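Q: Got a predicted structure here, sequence first:
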Amino acid sequence: MAPKIPDRWIPYKACGNVIEGTRIICFKVPLRRIVQAKVVASKDIWDIKALLKAIPKLRAVIDLTNTARYYDPKEFKSAGIVHRKLLMPGRVIPPESKVTQFFNTVDVLLGEDSDSLVGVHCTHGLNRTGYMVCRYMRDRLGIPANEAVKRFEEARGYKMERDNYIADLLGKTVPPPDVGNDTIVKPIVNKRTVEYCSPLNDYNDEDSNKDESKKRRFGNQSTPKRRRDNTNKRNEKSMKSSKHKKQRDSAPEKSSYQYDYKYDY
């Protein structure tokens with residue numbers, strides 16, 4: 001089967017900023033260009049070449065996806081970038097042995113160069129990545145859990161979505177993983193809220209004023225029964241068509257990728 005773009009991969013921006021107080025930067029998995037060519041605009045292609053151009057100080061990459069199919073790590077190595085692979089299933093809390101392995105890998109990579117960056121990614125660069133990076137900030141750097149989550153989310157540009165990851169980070173009772181549930185992308189937005197005013201309001205007000213003016217000029221004339229019946233039928237048909245269109249438009253886009261929620265690659 002031909003490779004497909006992972007579910008929900010496109011809506012997330014490719015790369016975040018360096019996390020405050022660290023030399024860690026997080027991003028979504030770079031995919032082979034051929035996989036993106038027909039569905040992603042050329043300016044939005046996110047492959048290894050684009051990644052290296054976006055992060056010139058990158059020295060090493062830690063890959064947390066639970067598969068090896070997304071790219072060839074030799075591309076990193078040929079560019080002088082260290083690549084470390086830690087297979088990590090999604091949506092579940094990893095064993096402590098895996099967390100310790102991540103900590104030790106980050107320590108070694110950061111210790112080898114005092115000026116370069118270490119990149120971390122899973123499929124979307126958000127949930128598994130956020131959990132592991134926030135654990136590192138909390139347990140190795142001594143940053144309070146709430147502050148670690150805040151710094152990560154601000155740098156990545158999105159809220160972490162997995163309640164079990166967040167609960168574990170904050171030392172709370174961990175709920176079961178939300179396997180099989182749809183996920184909503186939660187970008188970080190500015191705190192300042194802008195009250196939305198639909199332009200249709202002015203349009204409707206104008207129509208209302210016109211109707212009132214007509215009534216005053218021509219009186220409240222009644223419509224013949226047959227004409228009213230035909231008009232009502234047309235209106236009902238139009239409303240049904242509009243309702244079906246709204247349902248189609250509001251339905252979430254489905255990726256052609258057959259998503260495996262068990263592993264959350």
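A: Received it, and whenever you're ready, just let me know what you need.
Q: For my notes, confirm residue 59 occurs in a strand.
A: Yes. Counting by DSSP: H, G, I helix; E, B strand; the rest coil, residue 59 is located in a strand.
Q: Just want to check the distance between it and residue 107.
A: Residue 59 sits at a distance of 14 Å from residue 107 (criterion: Cβ to Cβ, to the nearest Å). (C-beta placed from N, C-alpha, C; glycine too.)
Q: So for the two, which residue has more residues nearby?
A: Taking other Cβ atoms under 10 Å, residue 59 and residue 107 do not tie; residue 59 has more neighbours (18 against 12).
Q: which residue packs closest to the more buried one, ignoring adjacent ones?
A: residue 116 (3.5 Å; Cβ to Cβ, 6 or more residues apart in numbering).
Q: Please name the residues that touch residue 138.
A: 144, 145, 148, 169 (Cβ atoms under 8 Å, 6 or more residues apart in numbering).
Q: Generate a ChimeraX selection restricted to the buried entries among those.
A: Command for ChimeraX that selects the buried part of the contacts of residue 138, burial taken from 16 or more other Cβ atoms under 10 Å:
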select :145,148,169
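Q: Looking at the contacts of residue 138, which are in helices?
A: In helices, defined here by DSSP state H, the members of the contacts of residue 138 are 145, 148, 169.
Q: so the second one makes contact with residue 137?
A: Read it as residue 148. Yes. Counting by Cβ atoms under 8 Å, residue 148 touches residue 137, with 3.9 Å between them.
Q: helix, strand or coil for residue 83?
A: strand.
Q: mind checking which helix or strand of the chain has the lowest mean pLDDT?
A: helix 200-218 (a mean of 45; mean pLDDT, DSSP states H and E).
Q: pLDDT weak spots in the stretch 151-265 of the chain?
A: Scanning the stretch 151-265 of the chain with the threshold set as pLDDT under 70 gives 179-183, 190-265.
Q: One more pass at 50, please.
A: Residue ranges of the stretch 151-265 of the chain with pLDDT under 50: 191-224, 243-263.
Q: In space, what's closest to residue 165 - neighbours in sequence excluded?
A: residue 131 (4.1 Å).
Q: Quickly find the element holding the one you found.
A: Assigned by DSSP states H and E, residue 131 belongs to helix 127-139.
Q: Go through that helix and flag the buried ones.
A: Neighbour count says helix 127-139 has 127, 128, 129, 130, 131, 132, 133, 134, 135, 136, 137, 138 buried, by 16+ other Cβ under 10 Å.
Q: Let me see the contact set for the second one.
A: For residue 128, the contact set (Cβ under 8 Å, 6+ apart) comprises 64, 88, 90, 94, 122, 165, 264.
Q: In terms of distance to residue 21, which of the buried residues of helix 127-139 ranks first?
A: residue 137 (7.5 Å; Cβ to Cβ).
Q: Double-check the closest one against residue 146; I have them as touching.
A: No. Residue 137 lies out of contact with residue 146 (Cβ under 8 Å); the separation is 11.0 Å.
Q: Would you confirm that the residue nearest to residue 59 contacts residue 18?
A: No. Look at residue 116 against residue 18 with Cβ under 8 Å: they stay out of range, at 11.1 Å.
Q: Just give me the neighbour total for the closest residue to residue 46 other than its chain neighbours.
A: Closest residue to residue 46 apart from its sequence neighbours, by Cβ to Cβ, 6+ apart: residue 14 at 4.3 Å. By other Cβ under 10 Å, 17 other residues sit near residue 14.
Q: for the stretch 51-200 of the chain, what spans make up the helices?
A: 74-78, 96-111, 127-139, 145-156, 163-169, 200-218 (DSSP state H, counting those that start in this stretch).
Q: and the fourth one with helix 127-139, angle?
A: Our comparison of helix 145-156 with helix 127-139, counting by axes from the mean of the first three to the mean of the last three Cα atoms, to 10 degrees, yields an angle of 130 degrees.
Q: could I have helix 145-156 exported to CSV, CA atoms only?
A: The C-alpha trace of helix 145-156 is given here as CSV (Å, rounded to 0.1, in the frame of the first residue of the first chain):
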residue,chain,number,x,y,z
ALA,A,145,5.2,20.7,36.3
ASN,A,146,2.6,23.5,35.6
GLU,A,147,5.4,25.8,34.4
ALA,A,148,6.9,23.0,32.3
VAL,A,149,3.6,22.4,30.5
LYS,A,150,3.0,26.1,30.0
ARG,A,151,6.5,26.6,28.5
PHE,A,152,6.1,23.6,26.2
GLU,A,153,2.6,24.6,25.0
GLU,A,154,3.7,28.2,24.3
ALA,A,155,6.7,27.1,22.4
ARG,A,156,4.9,24.4,20.3
